[in-house]
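Visitor: no sequence for this one, just the structure:
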Ligand code: ADP
Ligand code: MG
């Protein structure tokens, strides 16, 4: 059975199971629990954008959930607004709150989002309590299940509403995360600096992710009031926020199944920990699994005795313990805490992550990342010449009086650089002379202490890295900065981010336009991979590529930006001699496409062979400039190299 057929069967049986559940198990208490699971799962699918994808921590999701609940509750209570209005309103209001929180908090790196959302949680609770005229204060609001055309839904019917919205949420979230937006979220987490330099603004897409997340919290909150038929301020406490985070971490990040499993765990665990009989059975099941898994792992030499000792002792101990106690109530919190510690230590990717790794051992093809099958024709496509119209005559780039001060060190000291349009401009100098610093200043990663950079007639020295990339400057990095968990082709697709025009709605509805755009981008990505000789490795994760190939992939990704200026920081480092020869050919072809190149390189034969002009840096100062032959015979240059390390003579 093919993978997609297996998936279809799973999806259809899952949907049928969801539809049948209330009939198979018609206990109203359990139907209510399942509704709560569905609602929490919607929230957790949203929380995963923030925690799993962009790697931030939110301590305010219970409050956003509360904002959604109160928006729906107050509109219904004060104005009698119907379900079809209160739910969209809750989504919108929570999204706006999300935007207001994220805009300032994500501007800087560090734990600001966590702190701001923590404060937000406290404020929301106080406001709900105090604004009695609107929210009925601590008394809370009582309301009914939604009605449609005069018919009030009962709990069983409401179950179907929630499950339908959960399925819809899964589909929409999945589409977003598999699109160029999802790739941007993953990329900025893997390498923020490279994302910015690919014109994918880290700030902007983190805010984007947080707003989507807040909107889903609002949806979940509004569904929750109708489920409980009552809201009061103390439901939306810090305690609930922590539960949400734990649920996501235990279930597993960056999957759709993880949040659902997480929701099941936090809703069912209090029940499991209330019933000693059930707890004993589950503890025994866990212990049995641990024993079998450890034995298998030891026999296959996949696990060492040290690795299995503690998990085995823990699970077997838990099972023994469950039989020694007669009443569980006193131990509930302790057991809960131990389970969390266990998951965090031994299952860092959560339970779903662990199950995936199990499946990977048996059936690797089931868990491979979305694969792109290259048609023969795809890679024949020629990549387009630069988009960014070069309007200046003469020099494409002019840097004047650049100074970069790090504490007491002047890494760049009054450097001027004039890069002629269409040329290959070599930049050489001993280690630590300021070459990479120059690249970082040119691409906006460092703001120069003094001086000015003019690119294509525009002053760019005060712009952000993503804006500079948008102007048409692309780069590679001396210490490779790939998006390690993305495949090779996906790395290039992040470089092609600027070619996408689809709106969020296009992505959610999977419109023709969005599919066409994705297809075209993939064709271009394939041809770029072919250009650097990596077409065969398109579906390999970048972190698994050999070092030399990683450098080539960075060049393909940079070209995807359709730059008019390409900065290469030691592209030949780590390449074998034949690969270096190919690289030289590649750079010549790149120039042939009308792209200007600045080349930092230690292999002197490479720089001297293809550069039109060479500038030499030493201790942050430009000590020579001219045609390769002139520079090579310059006395100051020879001295700089002899002083800095004889192995790098420019001869
Ligand atoms: P090169 O690329 O020519 O080998 P770099 O530009 O990497 O040299 O470094 C130039 C000097 O600036 C070095 O002395 C380095 O230690 C220093 N430097 C570079 N980046 C920083 C930074 N972020 N903070 C402090 N010092 C730095
Ligand atoms: Mg360097």
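Guide: Looks like it arrived, so ask away. The structure presented is a predicted model; accordingly, all values stated were derived computationally and were not measured. Ligands and ions are numbered 1, 2, ... in the order given.

Visitor: tell me the contacts of residue 393?
Guide: With contacts defined as C-beta atoms under 8 Å, 6 or more residues apart in numbering, the neighbours of residue 393 are residue 421. Quick note: C-beta positions are derived from backbone N, CA and C, even for glycine.

Visitor: quick check on the closest residue to residue 477 other than its chain neighbours: phi, psi?
Guide: Nearest-residue entry for residue 477: residue 569, 5.9 Å, with adjacent residues in sequence omitted and distances by C-beta to C-beta, 6 or more residues apart in numbering. Dihedral angles phi and psi of residue 569 (degrees, to the nearest 10) take the values phi -100, psi 100.

Visitor: any idea of the mean pLDDT for stretch 632-646?
Guide: With pLDDT averaged residue by residue, stretch 632-646 scores 77.

Visitor: tally of neighbours for residue 612?
Guide: Residues near residue 612, counting by other C-beta atoms under 10 Å, number 16.

Visitor: give me phi/psi at it?
Guide: Backbone phi and psi, for residue 612 under degrees, to the nearest 10, turn out to be phi -80, psi -40.

Visitor: which other helices and strands contact the helix or strand harbouring residue 12?
Guide: In this structure, residue 12 sits in helix 3-24 according to DSSP states H and E. For helix 3-24, the helices and strands in contact under the criterion 3 or more C-beta pairs under 8 Å, 6 or more residues apart in numbering; DSSP states H and E are helix 28-48, helix 155-177.

Visitor: how does the protein divide into domains?
Guide: Using automatic domain parsing, the domains assigned to the chain come out as 18-256, 422-440+464-642.

Visitor: the last one vs ligand 2: in contact?
Guide: Right, domain 422-440+464-642. Yes: under the criterion of C-beta under 5 Å from the ion, domain 422-440+464-642 makes contact with ligand 2 via 435, 436, 478.

Visitor: distance check, the closest residue in space to the first one that isn't next to it in sequence against ligand 1.
Guide: Closest residue in space to residue 435, ignoring its immediate chain neighbours: residue 600 at 4.7 Å, by C-beta to C-beta, 6+ apart. From residue 600 over to ligand 1 the distance is 7 Å, taken as C-beta to the nearest ligand atom, to the nearest Å.

Visitor: near residue 600, how many other residues are there?
Guide: For residue 600, the neighbour count with other C-beta under 10 Å is 23.

Visitor: wait, it touches residue 428, no?
Guide: Yes: in terms of C-beta atoms under 8 Å, residue 600 counts as a neighbour of residue 428; the distance is 7.2 Å.

Visitor: that older thread, using a markdown table, lay out the helices and strands packed on helix 3-24 together with mean neighbour count.
Guide: Listed next are the helices and strands packed on helix 3-24 as a markdown table, based on neighbours: other C-beta atoms under 10 Å:
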| stretch | mean neighbour count |
| --- | --- |
| helix 28-48 | 23 |
| helix 155-177 | 18 |
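
Visitor: my read: residue 62 touches residue 247, true?
Guide: No: with contact defined as C-beta under 8 Å, residue 62 does not count as touching residue 247 (11.8 Å).

Visitor: ok and the residue in the stretch 51-200 of the chain nearest ligand 2?
Guide: Taking C-beta to the ion as the measure, the stretch 51-200 of the chain has residue 193 as its residue closest to ligand 2, at 14.5 Å.

Visitor: which strand or helix spans that residue?
Guide: Remark: residue 193 resides in helix 192-197, with elements defined by DSSP H and E.

Visitor: which is the next helix or strand following that helix?
Guide: helix 202-228.

Visitor: where do the helices sit along the stretch 351-500 of the chain?
Guide: Listed from the start of the chain, the stretch 351-500 of the chain has helices (DSSP state H, counting those that start in this stretch) covering 435-442, 465-471, 488-495.

Visitor: dump the ones you listed to TSV, plus mean pLDDT and mean neighbour count.
Guide: What follows is those, written out as TSV (pLDDT from 0 to 100; neighbours: other C-beta atoms under 10 Å):
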stretch	mean pLDDT	mean neighbour count
helix 435-442	97	24
helix 465-471	96	21
helix 488-495	96	28
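
Visitor: who in the protein is up against ligand 1?
Guide: For the chain, the contact set with ligand 1 under C-beta under 6 Å from any ligand atom comprises 406, 409, 411, 429, 431, 432, 433, 434, 435, 436, 437.

Visitor: what do you get if the cut-off is 5 Å, keeping everything else the same?
Guide: Contact residues, the chain versus ligand 1 (C-beta under 5 Å from any ligand atom): 406, 411, 431, 432, 433, 434, 435, 436, 437.
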